[in-house]
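Trainee: What would the 3D arrangement of this be:
(chains A, B, C and D)
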Protein chains: 2
Amino acid sequence: MKKVSIKDVANLAQVSIASVSYVLNKMPNNRISEATTKRILEAAETLNYRPNKIAKSLKTNQSKILGFIVADIANPFFGQIAKILEEEAMQVGYTIIVGSSGENNEKFEKLIDFFIDQQVDGLILAPVENSQESLKKLQKQNFPFIILDRYLENSTANSVRINNFDISKKVIDQFIKTNVKNPLLVTYDSDLLNLVDRNNGFYEGINQSKIKTLQPIKVRTNSINEDVFDGLTKRFSEELKPDAIYFTSNKLAFAGLRFLLKTTYKVPEDVQIIAFDESEAYELFPIEISYVKQPMNEIAIKSLELILDQLNNEDKTNKIINLEAELILKESTR
Amino acid sequence: MKKVSIKDVANLAQVSIASVSYVLNKMPNNRISEATTKRILEAAETLNYRPNKIAKSLKTNQSKILGFIVADIANPFFGQIAKILEEEAMQVGYTIIVGSSGENNEKFEKLIDFFIDQQVDGLILAPVENSQESLKKLQKQNFPFIILDRYLENSTANSVRINNFDISKKVIDQFIKTNVKNPLLVTYDSDLLNLVDRNNGFYEGINQSKIKTLQPIKVRTNSINEDVFDGLTKRFSEELKPDAIYFTSNKLAFAGLRFLLKTTYKVPEDVQIIAFDESEAYELFPIEISYVKQPMNEIAIKSLELILDQLNNEDKTNKIINLEAELILKESTR
DNA sequence: ATGAAAGCGCTAACAC
DNA sequence: GTGTTAGCGCTTTCAT
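Mentor: All right, here's what the predicted structure looks like:
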């Protein structure tokens, strides 16, 4: 089965390839007569002509492909975003290619290069630790990209984020409202500012109150389960035991809940829980988990909008889109 | 920042673009002198030259892109496969684009067309119900594709699957071994043969034994949670209550476990459980779930191998790669 | 209202 | 050993 090209359509319709191009691309000031238009349309139909996007890309210098680089596509948070992104992108004629960096900056850079070589028009990035340089390089090259979910120091890049500080403040305020004495923060040991903000919001709430917090558990991204488990074991073995825990990511919460399952501590009687991110998985915990709900649809849709804006407009002003996360209270809080 | 092309490299190195192409593509019988080679390499280096894959694609008629169409990229099963696939593909210079059909055949077809328009070299497909026609169409066009995970009637397509029948037989045998009286099958109402095989393996075990099975719960893919919940409510309200349940997918198991959480039935004392697929999520259930473990890495790697074989070789024989799933016994079985 | 033709960046057959 | 050149399928300027 030989591929049918624009030439074949032109031949069948007895016109030039230019006319075929005009008609099929619905050019605005297309001065092709109705009769010819009809002939061309019919010819394309009978031959089942499908334009070659590669050829078009080469000519127009636009691949209509966007690269999406996440930490881990097997993480449902990113899977969900990817899904929405891909659907929305398709609506407007774009294709998404996804890559997983595995929280590794070298892989992150490699993926960026690979995608640029692939001639993506732009990139949607969830950066990893120490990726400032990679981002600066992109900026220097003037390559279109936006930052999603995570953000870094001094970043002047367009980005879509949530109100990490405020929502964390709300979390601790919720705890305080219920007379918590020893709240515990379980978070990452990371320079990613979204995480730092989550931590800071928590501390802001602590500072405004009269209570003290236990020393936080700060885990490394490459040993989440072990670090959470060890950390919690330690905290619960001490005099002042946590009576409320805030997990700043779904993976942390997951590890923490597994720990609690193996103990006799009761949620929320002995210890209250608030997790970050919605997760189907939480639903198998014996009681329903309170959590910070991120606006997944909005994150994906705004990200797409932002990168497309950047591709189409000359408006080079720095845009930061701040979306609102929501605290959903369930049975794991009092 | 203007893009640097092969011409720029040729100019700087004072050679023709052909020579640049030869050197940079490491042509086997490359007769370029060492000195020239060095000059070209240096020029490419200084200019930070990155070949334009779009142009190369147009010329070679190979995009080095593979399309991967799954039911739902937010389902960790497919997320995991996608991740491995993407990593392996990148090693050999291929890019993966992923699409989610949402178990909808129209979306499935639309994605296929979209990806073909995008000039993918081949497709890796997890088909949906009623997608026989879409697959036949692809076959008629002689378009390279393989089937992953799921399979359909009369499919003569290359495919990678697991031993669905045998592993299900093992599941019921395990139940029978522990003197189960009223095993229950929770499965889909589907014409996908991988699911039919899972059902048949279960029945084969039943038939070889002296026990009877309860009437299975067959759910529709668009209302899993409700159907499982309603079905289980009904079964547990009857005289003969299930004392063992086999869920033929991770989503079914998930819904079923949520049901059990809300009841007072004890696992495994009152009812034993075996689920399909490994899932991090199961870990939040109070006891560990026995499950059928699919060889994710192998599935992804073999799929890639198979489609690449099909692209490179003339060997048009029909290949079915059968991989072994494994029954992992945990606390939810006796 | 339509067509001729240049050219996007690259590969590869062929010439020298 | 190295260069010339045709051409992949398309868009778009310019001519007519």
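Trainee: Report how far apart the opening and closing residues of stretch A:25-36 are.
Mentor: This stretch, stretch A:25-36, spans 14 Å end to end (Cα to Cα, to the nearest Å).
Trainee: Now do the buried residues in that stretch.
Mentor: By neighbour count on 16 or more other Cβ atoms under 10 Å in any protein chain shown, the buried set for stretch A:25-36 is A:32, A:36. Using the backbone N, CA and C atoms, a C-beta is placed for each residue, glycine as well.
Trainee: do it and DNA strand C meet?
Mentor: Yes: counting by Cβ under 7 Å from any atom of the strand, DNA strand C has neighbours in stretch A:25-36: A:31-33, A:35-36.
Trainee: which element follows the helix or strand hosting A:Ile40 toward the C-terminus?
Mentor: Applying DSSP states H and E as the criterion places A:Ile40 in helix A:34-47. Downstream of helix A:34-47, the next assigned helix or strand under DSSP H and E is helix A:53-60.
Trainee: if I look at A:Asp117, how far off is B:Met90?
Mentor: Counting by Cβ to Cβ, to the nearest Å, the gap between A:Asp117 and B:Met90 amounts to 11 Å.
Trainee: likewise A:Val219?
Mentor: 28 Å.
Trainee: Settle it for me: which of those two has more neighbours?
Mentor: A:Val219 (24 against 16; other Cβ atoms under 10 Å in any protein chain shown).
Trainee: ok, now which ones touch that one?
Mentor: Shown here is A:Val219, whose contacts under the criterion Cβ atoms under 8 Å, 6 or more residues apart in numbering or on different chains are A:186-189, A:227-228, A:231, A:252.
Trainee: Tell me the most packed of those, by neighbour count.
Mentor: A:Val186 (27 neighbours).
Trainee: next helix or strand past the one helix or strand that residue maps to?
Mentor: With secondary structure defined by DSSP H and E, A:Val186 is part of strand A:183-188. Tracing the chain past strand A:183-188, the next element assigned as helix or strand by DSSP H and E is helix A:193-208.
Trainee: From the contact counts, what lies against that next one?
Mentor: Helices and strands in packing contact with helix A:193-208 are listed as helix A:164-177, strand A:183-188; criterion 3 or more Cβ pairs under 8 Å, 6 or more residues apart in numbering or on different chains; DSSP states H and E.
Trainee: Chain B: which of the ones you listed is closest?
Mentor: strand A:183-188 (16.0 Å; Cβ to the nearest Cβ).
Trainee: give me every residue that touches A:Leu284.
Mentor: Taking Cβ under 8 Å, 6+ apart as the criterion, A:Leu284 is in contact with B:254, B:257-258, B:261, B:281-282, B:284-285.
Trainee: count of residues packed around A:Leu329?
Mentor: A:Leu329: 13 surrounding residues under other Cβ under 10 Å.
Trainee: That one touches A:Ser290, doesn't it?
Mentor: Yes: the pair A:Leu329 / A:Ser290 is scored as a contact, 4.8 Å apart, by Cβ atoms under 8 Å.
Trainee: Common neighbours of the two, please.
Mentor: Overlap between the contact sets of A:Leu329 and A:Ser290, as judged by Cβ under 8 Å, 6+ apart, is given by A:Gln174.
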